[in-house]
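S.K.: pasting the sequence and the predicted model now:
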Amino acid sequence: MENKKKTFWDYMWIISLVYLLLGFFNILFAWLGLLCFLIPLIISISGGGKAYCNTYCVRGQLLDLMGNKLNLSRYKSIPKFLKSKWFRYGFLTFFMTMFVVMLFNTYLVLAGARYLKEALQILWSFKVPWKIAHTAMFNPWVYQFALGFYSMMLTSTILGVITMILYKPRSWCVYCPMGTMTQLISKAKYNPNK
């Protein structure tokens, strides 16, 4: 059996782990997660289709490593409802609604609201049981955005890990909001009549 030579792209999963760890030490690192939103959209809009998902996605690689290399997946078939359009588009709508709420909360803090949510939330409901320290070095809206965005990234990673364990390693990729968006962009750009 021939061993495939490892390349830089085979180690992209490290970025996902480093991002998650850095966010616990300093919430401002959450801003780096915007790259995971912007890069797939830029690649898709510029004609790359789902190249980000298929090759560069750091979360997909992490889930693949956990499921296949560490053997944490049950390798069960992904349920049909997770693959269905109504679920994928519904999850994308829900995810984007949470993103808009996060942006609105950030705007409120920017506009002078005195309340800064100093807690990470998992699954948009459960607060992580420690306080995130911040200094007066940055405007409070910077922290508000970082807390909201990191909460979304942490939540989606947890959902990915749960479906990786229950089903196949990259089950998250079936209903990932970014994957659904890049697929919609590709269809609109290259198959406008479908």
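M.R.: Thanks, I have it.

S.K.: for the residue nearest the centre of the chain, give me its contacts.
M.R.: Computing the C-alpha centroid of the chain and ranking residues by CA atoms, centre = their mean puts Met153 first, at 4.6 Å. Residues counted as contacts of Met153 (CB atoms under 8 Å, 6 or more residues apart in numbering) are Tyr19, Leu20, Gly23, Ala30, Gly33, Cys36. C-beta: built from backbone N, CA, C; applies to glycine.

S.K.: for these, name the two members farthest from one another.
M.R.: Spanning the widest gap among those are Gly23 and Cys36, at 12.5 Å by CB to CB.

S.K.: whatever helix or strand the residue nearest to the centre of the chain lives in: what's the following helix or strand?
M.R.: Per DSSP states H and E, Met153 falls inside helix 140-166. On the C-terminal side of helix 140-166, the closest following helix or strand by DSSP H and E is helix 172-175.

S.K.: re the thing from before, Gly23 and Cys36: which has the busier surroundings?
M.R.: Neighbour comparison, Gly23 and Cys36: the larger count goes to Gly23, with 24 against 19 (by other CB atoms under 10 Å).

S.K.: surely the more buried one and Ser151 touch.
M.R.: No. Contact criterion CB atoms under 8 Å: Gly23 and Ser151 do not qualify, at 9.7 Å.

S.K.: which residues are common contacts for those two?
M.R.: By CB under 8 Å, 6+ apart, Gly23 and Ser151 have no common neighbours.

S.K.: now, which of the contacts of Met153 sits nearest Phe104?
M.R.: Using CB to CB, Ala30 comes nearest to Phe104 of those, at 17.4 Å.

S.K.: quick check, pLDDT for the closest residue to that closest one other than its chain neighbours.
M.R.: Nearest in space to Ala30, with sequence neighbours left out and distances taken as CB to CB, 6 or more residues apart in numbering, is Tyr150 at 3.6 Å. Looking at Tyr150, its pLDDT reads 91.
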